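A.B. asks: structure for this input, please:
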Amino acid sequence: MKLLKFSSPNCVYCKSMDTAQVLEKFSKRYPDVQIQRIDTETPNGGKLADRYNIKGVPTLAFLGDDDKVLLIKGGARGIAELKEMYKYALEVEAGNEDPEEDDPDDSEDETKEDESED
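C.D. replies: Alright, predicted model coming up:
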């Protein structure tokens, strides 16, 4: 599995997110995941961003076999969120989740909506 981190040197959010520390912790815990940092302002990085329909940075993308997209999430992420995303990507890769129907962040949003209706 691959984890692509799309960012830009001019992105304030990319700079504020302690990406190096989060990705270092993640790579120690999950050494089988290949982590690639993609600068969207370079020609090759821009092509990859287009290929995966990346609209903003920072964005994280988990890819499976043959670079099949398992999960793409925008925004800064901490280590706990990254671990949840990885677990979800494993489920998608195993065929236990449909990436179009389920999303690790959706259940939290639905719970907040349900609570606000009371």
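
A.B. asks: distance between stretch 5-16 and the chain's centre?
C.D. replies: From the chain centre to the centre of stretch 5-16 is a distance of 14 Å (Cα atoms, centre = their mean, to the nearest Å).

A.B. asks: with stretch 52-60 instead?
C.D. replies: 9 Å.

A.B. asks: just the endpoints, please. Distance across that stretch?
C.D. replies: 11 Å (Cα to Cα, to the nearest Å).

A.B. asks: ok, stretch 70-83 next?
C.D. replies: 14 Å.

A.B. asks: over to stretch 25-37?
C.D. replies: Note: stretch 25-37 ends 15 Å apart using Cα to Cα.

A.B. asks: give me the buried positions along it.
C.D. replies: Judged by neighbour count (16 or more other Cβ atoms under 10 Å), stretch 25-37 contains these buried residues: 26, 33. Backbone N, C-alpha and C define where each C-beta goes, glycine included.

A.B. asks: ok, residues contacting it?
C.D. replies: Identification of contacts with stretch 25-37 by Cβ atoms under 8 Å, 6 or more residues apart in numbering yields 1, 2, 3, 4, 5, 7, 23, 79, 82, 83, 86.
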